[in-house]
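I'd like to go over a predicted model; first the sequence, then the structure.
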Amino acid sequence: MSRVAGRTDWAEDDDEDSTQLPPQQITKNKDGTETITTWAYRDDGKKVKTMRRIKKTTIKQIVNPRVAERKHWEKFGQEKGKPLGPQTDTTSVAENIAFRPVAGWKASTEDKEAEKKKALATTNTKIKCRICSGDHFTSKCPFKDTMQPEGEAAPADMPGDAPEAGALGGAGGSSYVPPHLRGRGGAGEKMGGKYERDDLATLRVTNVSEFAEEQDLRDMFSRFGHVTRVFLAKDRETGMAKGFAFVSYADRTDAQLACSKMDGYGFRHLILRVEFAKKAT
Amino acid sequence: MRPILLSGHERALTQVKYNADGDIIFSVSKDHVVCAWFSHNGERLGTYHGHQGALWTVDVDPTSTLLATGGADNTMRLWEVKTGKLLKTWDFETSIKRVEFSPDGRQLLGVTEKRSGHLGSIVVYEIDPDPQAEQTSEQSLRIVCDESKATVAGFSYLAQMIIAGHEDGTVSQYDGKTGELLYNAPVHEPDMQITDLQWAPDRTYFITASKDKTAKLVVTESLEVLKSYPTDTPLNSAAITPVKDYVILGGGQAAMDVTTTSARQGKFEARFYHKVFMEEIGRVRGHFGPLNYVAVHPQGTGYCSGGEDGYVRVHHFDKPYFDFLYEVEREQANL
């Protein structure tokens, strides 16, 4: 009986344990680090165990004796009697700033980046052209008349396809006809607006170096005849070429000559591939 | 680069300064208190109490024993750096906008404000470097600026000359002994106040910052403008960095317009320019208000800036800062 009375209830025992926090423990690890374990109560009354692993390194710094002496000066004023080391109420460490001097630094570069990010965040959709993979709508693509969307077969190769799609779109087994294909029953019905390009004399150049400039291409291709238009697809963000371009000639025979001569031509460590641009649907 | 944020002040900072060894930073703000900080870890050494008004300026003597301050309570005060004890108070009719010790620490210069019938002036006192000694109340020199008031001033090498920047954008050179006006040069745009004047380590040239959005590097001897650093914002401060040939400019939208502009638009950044090529090489952001003062560590290992937002930010430069070279500099180094 006396044993029972002397011993506190196990429930009480547990209670006592929880009110008394274990003391701070410092254990030394093999790799020279120390683990500091502390317990504390959070605002909501829960006990929290904090484990911090720290590595202590002694940095020896040789300073001027005057400076060394000043480090041991007693604090005064509002700091009087405060312990050594920075006080958290007056001194804190700010977030890391990457500072890297560069020649020709421009304020605008930083601004633009921020703006771009903002624009991306607001729209949150990436516009991608299905024809040239550029960042504009497919309907705004400069090649919508000369090219067909990527991954779609050219109607020229499959003559029966276009009317079929126009009628029922039976090729895919679906009756849905996308808006851009509607009313394309025949070539004769198409509006021959001023934007229609003579795709017969347009060459598609691929495997172009990403450092290429439009002017380089114009210089190269104008050897074979009058070039009416050169388009080099560029990435809007980086300004680098995407690797393909279109070159239009005034005359188809010039284009044909250029196609035969320039296909396989080495330009800036890459072999150009030149072919006639396929007609868009 | 991880800046140390010093938040001991309650109001806008007006000036920050390193001592000659660069281990202590002194800061003054509009909250009447002077603070001393260790630059290596941001620990506050102490505070100096006594001023009754906003403080505009602070300077420390070359041996880090005496500290001078000036403020809107129309006094200039001398303190013992180590203990925070007030040693001497000089009373004036108007507020003190700038104080500076001579290179040998034997003279102290003060710039007084022009107000209510009192002309702006530059006063000089002889200083006894012993903190125990009684300091004189007698001015050894008094230069009255009757044309345009001086806003900043300092001693040239060997205290031979006193260089002052004026409210009308001109810089003038006075004889250090007699106070005679030797030159007056229109360095900045007319009627654009010169806000800061900081010396190169050898004091043969200095940099001025102005409200006309430019900073200029000027020769002490002839007041010839060597270099000009144009920016897009009114400047409050400019500093020359030792070791590397850079200048640091600080400024931003005027304090009264700050609340109407975002941190981004306000251009509250420290701008780094190459001293020789006059080209901007980078910026350091962080403050939420205009930078009122930038000071460079005398050994060129870091800089600190005091802002209208009430914070001092202490930066220790890291490797890319020291490694950066222009192509021509690199070629020169390899020769």
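That came through fine. Numbers count the residues shown, from 1 in each chain, chains lettered A, B, ... in the order given.

Number of residues surrounding the residue in the stretch 51-200 of chain B positioned nearest to chain A?
Proximity to chain A, evaluated over the stretch 51-200 of chain B using C-beta to the nearest C-beta, is greatest for B:G84 at 4.0 Å. Bear in mind the C-beta positions are built from the backbone N, C-alpha and C, glycine included. Using other C-beta atoms under 10 Å in any protein chain shown, B:G84 has 22 other residues around it.

quick one, what contacts it?
By C-beta atoms under 8 Å, 6 or more residues apart in numbering or on different chains, B:G84 lies in contact with A:F76, A:G77, B:A36, B:G46, B:T47, B:Y48, B:H49.

Verify the assumption that the fourth one is located in a helix.
Right, the one you point to is B:G46. No. Using DSSP: H, G, I helix; E, B strand; the rest coil, the secondary structure at B:G46 is strand, not a helix.

now it: how far from B:P290?
From B:G46 across to B:P290, the span is 28 Å (C-beta to C-beta, to the nearest Å).

can you pull the contacts of the residue of the stretch 101-250 of chain A at minimum distance from chain B?
Nearest residue of the stretch 101-250 of chain A to chain B: A:P101, at 4.0 Å (C-beta to the nearest C-beta). Contact partners of A:P101, counting by C-beta under 8 Å, 6+ apart, are B:Y246, B:F272, B:I281, B:G282, B:P320, B:Y321, B:F324.

Among those, which pair sits farthest apart?
For these, the maximum inter-member distance is 12.5 Å, found between B:Y246 and B:P320 (C-beta to C-beta).

Those two - which one has more neighbours?
Per other C-beta under 10 Å, whichever of B:Y246 and B:P320 has more neighbours is B:Y246, with 23 against 14.

Could you find the closest non-adjacent residue to the more buried one?
Residue nearest to B:Y246 in three dimensions, not counting chain neighbours: B:F272, with 5.3 Å by C-beta to C-beta, 6 or more residues apart in numbering or on different chains.

Which strand residues bridge the one you found?
B:I248, B:G282 (DSSP bridges).

How many residues are close by it?
Look at B:F272: counted by other C-beta under 10 Å, it has 24 neighbours.

and if you look at A:P178?
Residues near A:P178, counting by other C-beta under 10 Å, number 9.

Same question for A:I271.
The burial count for A:I271: 10, using other C-beta under 10 Å.

ok, it - contacts?
Taking C-beta under 8 Å, 6+ apart, we find A:I271 in contact with A:N207, A:G264, A:Y265.

Would you mind measuring from the second one to A:R273?
Here the distance between A:G264 and A:R273 works out to 8 Å (C-beta to C-beta).

Which of those two has more residues huddled nearby?
Higher neighbour count among A:G264 and A:R273: A:R273, with 15 against 11, using other C-beta under 10 Å.

those helices in the stretch 51-200 of chain A, which residues are they?
For the stretch 51-200 of chain A, applying DSSP state H, counting those that start in this stretch gives helices covering A:65-71, A:107-123, A:161-167.

just for the chain, where's the confidence low?
All of this is about chain A. Scanning chain A for pLDDT under 70 picks out A:1-19, A:107-126, A:148-174, A:183-199, A:279-281.

The intended chain is chain B.
B:255-266.

For chain A, what is the nearest residue in it?
Relative to chain A, the nearest point of chain B is B:T47 (3.2 Å; C-beta to the nearest C-beta).

Was I right to think that residue contacts A:K82?
No. Between B:T47 and A:K82 there is no contact under C-beta atoms under 8 Å: 11.2 Å.

more crowded one of these two?
For B:T47 versus A:K82, the count of surrounding residues by other C-beta under 10 Å is larger for B:T47: 19 against 15.

Kindly report the domain assignment for chain A.
Using automatic domain parsing, the domains assigned to chain A come out as A:2-54, A:199-276.

that older thread, can you tell me which residues contact the closest residue to the residue of chain B closest to chain A other than its chain neighbours?
Leaving aside its sequence neighbours, B:T47 sits nearest to A:G77 (C-beta to C-beta, 6+ apart; 3.2 Å). Residues counted as contacts of A:G77 (C-beta under 8 Å, 6+ apart) are B:G46, B:T47, B:Y48, B:H49, B:G84.

mind running it again at 10 Å?
Shown in contact with A:G77 (C-beta atoms under 10 Å, 6 or more residues apart in numbering or on different chains): B:V33, B:V34, B:C35, B:A36, B:R44, B:L45, B:G46, B:T47, B:Y48, B:H49, B:T83, B:G84.

right, and B:D31 touches B:S7 too?
No. In this structure, B:D31 is not within contact of B:S7 by C-beta atoms under 10 Å, at 11.8 Å.

overlap in contacts of B:Y246 and B:P320?
Here B:Y246 and B:P320 share the contacting residues A:P101, B:G282, scored by C-beta under 10 Å, 6+ apart.
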